[in-house]
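Peer 1: Quick one, fold the following:
(2 chains)
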2 protein chains.
Amino acid sequence: MNPAAGTPRTWPADSVGLVTPHRIDIDAPLTLDCGRTLPRHQLMVETYGRLDAAADNAVLVCHALSGDHHAAGYHSPDNRKPGWWEHYIGPGKPIDTHRFFVVCPNNLGGCRGSTGPTSIDPDSGRAWGPDFPLVTVHDWVGSQALLADALGIDRWAAVVGGSLGGMQALQWAIQHPQRLRHAVVIAAAPRLSAQNIAFNEIARQAILSDPEFHAGRYAEYGTRPERGLKLARMLGHITYLSDTAMREKFGRLRRDSGQAYGFNYDVEFEVESYLRHQGASFVERFDANTYLLMTKALDYFDPAREAGGDLATALHPATARFLVIAFAGDWRFAPERSREIVQALVRVGKRVSYAEIGSRFGHDDFLMPNAEYRRVLGAYLARVAEEAGT
Amino acid sequence: MNPAAGTPRTWPADSVGLVTPHRIDIDAPLTLDCGRTLPRHQLMVETYGRLDAAADNAVLVCHALSGDHHAAGYHSPDNRKPGWWEHYIGPGKPIDTHRFFVVCPNNLGGCRGSTGPTSIDPDSGRAWGPDFPLVTVHDWVGSQALLADALGIDRWAAVVGGSLGGMQALQWAIQHPQRLRHAVVIAAAPRLSAQNIAFNEIARQAILSDPEFHAGRYAEYGTRPERGLKLARMLGHITYLSDTAMREKFGRLRRDSGQAYGFNYDVEFEVESYLRHQGASFVERFDANTYLLMTKALDYFDPAREAGGDLATALHPATARFLVIAFAGDWRFAPERSREIVQALVRVGKRVSYAEIGSRFGHDDFLMPNAEYRRVLGAYLARVAEEAGT
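Peer 2: Residues are numbered from 1 along each chain as shown, chains lettered A, B, ... in the order given. Model prediction:
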């Protein structure tokens, strides 16, 4: 499958193939939860499939903590790594690009082309860096609603996301009830637990205490807080896999070290090698200020908070129908957390389907190939497509 | 209870009261698992109670990752904080100092007075620092056996420990079967899981990548890798409490911040405040090189490894009777891990009692007051004392 130079690469038949992101100007002002107003901003966006004449078949895909707009397909013929949700977006796949017009933006505050800490603050003429406002899930939904306006989409057929992306789907149903028909909330939680916050806090402290952080102005010093960001990412990975999955994936010793212990701090367990690799590759592609604000958006997400602490009351305005999916081995956002969402929806008479999928990995399952998950998501979205008449 | 200056403080009746640690010279050579030999070493030790004439009533208490020899009582009348196992060691307590002679050493490689990275290497005349050998649980038991010799104790009535201390109790039963009558293994595991190792690895990377680490020679630079050690400790604390306990203990927001979010990276959740405090106080009292080697001793502990991977085979030589205690909410070393020990013991016909205690905290329960735990431990050790005729 590796194409010779100059010859067009053959993509798998069920891939959207070569894709090109577009930067979209959002010229309407957006007032953020922190009180500041962005007069305009830009979102880097990928779209797959075609918007039908009635603009009835649009699906918004929301990304998670370290995700971006590149959800499916390939950026170049040489690019071996497809988008982060390639298993589930494409022709004939659950998010079927023959039927849906799929929109995936890099969120406001991101570091992959949307307005965020690495972009230029027009007021100062220099990169925002740490001065970029801390954005919330509520702010992202506001920004995505402006994006929908820009694209001529009044109502999404579905808003879909996993993890922090699932929180955005839930928030959409509360914040703009008339603008989506379905919310698909995967491997999410109605708010973080103290333990979830604890993990985020240690990740932040790793970055903030890195001497190369320079109060967030590291770019001006020609450096990056790589050590801190690497630690933060390693720590995240602990929560993405279940203990069982780690045992099955890594066992204890490295295959090449056999039975002998090294009596030093070099890598000798497979899991050490995996974490160091994950950390090292992440710092090549991600910005520390964005990582910080993404963790804070997670910590702050708590739709029940403005409804007297009651999630059902918060969900009362929703008119969307819901699909909630959890993975049995997910200990970051365990199935109990998804069931809290389901129970709150049921209490206020909303229509909700719930599936708990047998787990191979843990939280990471929402990204991984899994026949049961594919079937559940595919069956639900096929009905969504039928409603849209596609 | 706060005594006026100059007046003797009144200790609680069930405390051992004022205690003084002693540094004990171990003049016999100790060959370590790494292949190096220490011609002699010193252990800082506390003892409580009196050794009877037959030397039949001695209990060895083994400490965990960040513990030391100060298990009970107070170091000065002004000292408000007793030893780490004050709840369970003292007159009339489960480890009853009216009946037992209790011995608690700071382990070899420690940083509280025993030979370790902060002590002087006689060969070089400077602190060992990173050149101190990586020691194992097997090495500690070897060192503790030499301590028993020095104290005139042929056989312990019991070897008792929680967490990494419990691993030492288990190793004692394998390594010196004739030298203990009982092994009390609390909140332990027969070896670390990949997830356990992952946590240790991130803690190590936090320390090793701290620019103040200076390849372990930080003392010579007049500094310490405080940031890294602080992160390591914060990370440890995540594993010491269950998610439920964290929720009950901390909830989400700080009481003094009310409902308003700060939109910055200051402390605003109780759990953040707790972790930062734990991290900051730990770096005042602990050495980074010791922390590194303690985590590695945990990673390396795997008694089944030299018995073809079979724990039961490894336990075959044991003659001790066993009490194994686990805590329901412990996710660092979950009850399943204790049951692996129990099942292996049963398979080779050993005498073992097992108790799974209702949990309030998680792994930390082994240190905390808990009536059920106290009853189980007390009842078992009362029988041990009766056997010893005390």
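Peer 1: what packs against the lowest-mean-pLDDT helix or strand in chain A?
Peer 2: In chain A, no helix or strand scores lower on mean pLDDT, DSSP states H and E than helix A:243-250, which sits at a mean of 92. Helices and strands touching helix A:243-250, by 3 or more Cβ pairs under 8 Å, 6 or more residues apart in numbering or on different chains; DSSP states H and E, are helix A:270-285, helix B:194-208. Placement of C-beta: from N, CA and C, glycine included.
Peer 1: right, is the first one up against chain B?
Peer 2: Going back to what we said before, that points to helix A:270-285. Yes - using Cβ under 8 Å from any Cβ of the partner chain, helix A:270-285 reaches chain B at A:270, A:271, A:272, A:275, A:276, A:279.
Peer 1: pLDDT, distance to residue A:207 and neighbour count for the residues you listed - can I get that in a markdown table?
Peer 2: A markdown table is the format used below for the residues of helix A:270-285 next to chain B (pLDDT from 0 to 100; distance: Cβ to Cβ, whole Å; neighbours: other Cβ atoms under 10 Å in any protein chain shown):
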| residue | pLDDT | distance to residue A:207 | neighbour count |
| --- | --- | --- | --- |
| A:270 | 93 | 26 | 20 |
| A:271 | 95 | 22 | 28 |
| A:272 | 94 | 21 | 24 |
| A:275 | 96 | 17 | 26 |
| A:276 | 95 | 17 | 16 |
| A:279 | 96 | 12 | 23 |
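Peer 1: tell me the domain boundaries of chain A?
Peer 2: Using automatic domain parsing, the domain ranges for chain A come out as A:22-191+A:302-387, A:197-295.
Peer 1: and of those, who's closest to residue B:286?
Peer 2: Nearest to residue B:286 among those is domain A:197-295; the distance by Cβ to Cβ comes to 17.3 Å.
Peer 1: And that closest one, end to end?
Peer 2: Length of domain A:197-295, first residue to last, Cα to Cα, to the nearest Å: 8 Å.
Peer 1: What are the boundaries of the strands in the stretch 51-200 of chain A?
Peer 2: In the stretch 51-200 of chain A, the strands defined using DSSP state E, counting those that start in this stretch lie at A:58-62, A:89-90, A:95-96, A:101-105, A:158-162, A:182-186.
Peer 1: Output stretch A:153-169 as CSV, nothing but the C-alphas.
Peer 2: What follows is stretch A:153-169, C-alpha atoms only, in CSV (Å, rounded to 0.1, in the frame of the first residue of the first chain):
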residue,chain,number,x,y,z
ILE,A,153,-26.6,24.9,9.8
ASP,A,154,-29.6,25.7,12.0
ARG,A,155,-29.8,22.4,13.6
TRP,A,156,-27.4,19.5,13.9
ALA,A,157,-28.7,16.0,13.1
ALA,A,158,-26.4,15.0,16.0
VAL,A,159,-23.7,16.3,18.2
VAL,A,160,-21.3,13.5,19.0
GLY,A,161,-18.3,13.2,21.2
GLY,A,162,-16.2,11.1,23.6
SER,A,163,-14.8,12.0,27.0
LEU,A,164,-14.5,15.8,27.1
GLY,A,165,-16.2,15.7,23.6
GLY,A,166,-19.2,13.9,25.2
MET,A,167,-19.4,16.7,27.8
GLN,A,168,-19.8,19.2,24.9
ALA,A,169,-22.6,17.1,23.4
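Peer 1: and it with chain B, contact?
Peer 2: No - using Cβ under 8 Å from any Cβ, stretch A:153-169 never reaches chain B; the gap is at least 15.2 Å.
Peer 1: I'd like to know the average pLDDT value across that stretch.
Peer 2: Stretch A:153-169 shows a mean pLDDT of 98.
Peer 1: Which one, of the domains of chain A, ends up nearest to residue B:254?
Peer 2: The closest of those to residue B:254 is domain A:197-295. By Cβ to Cβ, the value is 11.4 Å.
Peer 1: Who does the closest residue to residue A:170 other than its chain neighbours form a beta bridge with?
Peer 2: Closest residue in space to residue A:170, ignoring its immediate chain neighbours: residue A:185 at 5.2 Å, by Cβ to Cβ, 6 or more residues apart in numbering or on different chains. Beta-bridge pairing for residue A:185 (DSSP bridges): residue A:161, residue A:324.
Peer 1: What residues does residue A:185 make contact with?
Peer 2: Residue A:185 sits next to A:161, A:166, A:167, A:169, A:170, A:322, A:323, A:324, A:325, A:338, A:341 when contact means Cβ atoms under 8 Å, 6 or more residues apart in numbering or on different chains.
Peer 1: Roughly how far does it sit from residue A:137?
Peer 2: Between residue A:185 and residue A:137 the distance, using Cβ to Cβ, to the nearest Å, works out to 12 Å.
Peer 1: any residues in contact with both of these two?
Peer 2: Common neighbours of residue A:185 and residue A:137 (Cβ under 8 Å, 6+ apart) are residue A:167.
Peer 1: Nearest residue to the middle of chain A?
Peer 2: Among the residues of chain A, the one closest to the centroid is residue A:64, at 1.6 Å (Cα atoms, centre = their mean).
Peer 1: Kindly provide the distance from that residue to chain B.
Peer 2: Distance check for residue A:64 against chain B: by Cβ to the nearest Cβ, to the nearest Å, it reads 20 Å.
Peer 1: Check residue A:94 too.
Peer 2: Distance from residue A:94 to chain B, counting by Cβ to the nearest Cβ: 30 Å.
Peer 1: Residue A:57 touches residue A:102, doesn't it?
Peer 2: No - taking Cβ atoms under 8 Å as the contact criterion, residue A:57 and residue A:102 are not neighbours in contact, 9.4 Å apart.
Peer 1: what touches both of these two?
Peer 2: residue A:49.
Peer 1: all strands of the stretch 251-390 of chain A, in order?
Peer 2: Under the criterion DSSP E, counting those that start in this stretch, strands of the stretch 251-390 of chain A are mapped to A:321-327, A:352-357.
Peer 1: now the residue in the stretch 1-150 of chain A positioned nearest to chain B, nearest residue through space, not along the chain?
Peer 2: Closest residue of the stretch 1-150 of chain A to chain B, Cβ to the nearest Cβ: residue A:34 (4.0 Å). In space, and not counting its chain neighbours, residue A:34 is closest to residue B:263: 4.0 Å by Cβ to Cβ, 6+ apart.
Peer 1: neighbours around that neighbour, how many?
Peer 2: 19 (other Cβ atoms under 10 Å in any protein chain shown).
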